[in-house]
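[1] Dropping the sequence and predicted coords here.
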Amino acid sequence: MAANPDIESPCKLICTLDIQSGVCTGCGRTRQDIGMWTRYSKAQRAFANIEAKKRLKGLANG
C-alpha cells in the first residue's frame, strides 16, 4: 500500500519515548502509530493525530 501524504505527521523530530506511557513526548504518538504511519489510511492518520494531541496534553498536565 502506498503512503498517504495528505495528512501530515505530527513528528517534531525530537523523538523521546516516555517509558511509562510509551508515548513520544515530542509528537504524542505511540510506538505503533510511529511504526505504522506510512501504512495508515487517511482516516487512521487523522485519528492518530487527534489522539496524539490528547496524549500530549495529558503528558503536559502530569
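    Done, it's in. Values in this document were obtained by computation on a predicted structure and should not be read as measured data. Residues are numbered from 1 along each chain as shown.
[2] Next up, the contacts around the residue nearest the centre of the chain.
    Geometric centre of the chain, nearest residue: residue 29, 2.4 Å, by CA atoms, centre = their mean. Listed by CB atoms under 8 Å, 6 or more residues apart in numbering, the contact partners of residue 29 are 10-11, 23, 37, 48, 52, 55. Glycine gets a C-beta too; all of them are placed from N, C-alpha and C.
[3] just curious, which of those residues is nearest to residue 17?
    In terms of CB to CB, no member of the contacts of residue 29 lies closer to residue 17 than residue 23, at 7.0 Å.
[4] Other residues contacting the strand or helix carrying residue 47?
    According to DSSP states H and E, residue 47 maps onto helix 42-60. Helix 42-60 has contacts (CB under 8 Å, 6+ apart) with 4, 6-7, 9-10, 18, 21, 23, 25, 27-30, 33, 36-37, 40.
[5] Could you list the buried residues of it?
    By 16 or more other CB atoms under 10 Å, the buried positions in helix 42-60 come out as 45, 48-49, 52, 55-56.
[6] Let's test this: mean pLDDT of it, rounded?
    Averaging pLDDT along helix 42-60 gives 93.
[7] shouldn't residue 25 be in contact with residue 19?
    No. Counting by CB atoms under 8 Å, residue 25 stays clear of residue 19, with 10.4 Å between them.
[8] between the two, which one's more packed in?
    Counted by other CB atoms under 10 Å, residue 25 and residue 19 do not tie: residue 25 has more neighbours, with 16 against 7.
[9] quick one: the more buried one and residue 39, what's the gap?
    Going from residue 25 to residue 39 by CB to CB, to the nearest Å gives 24 Å.
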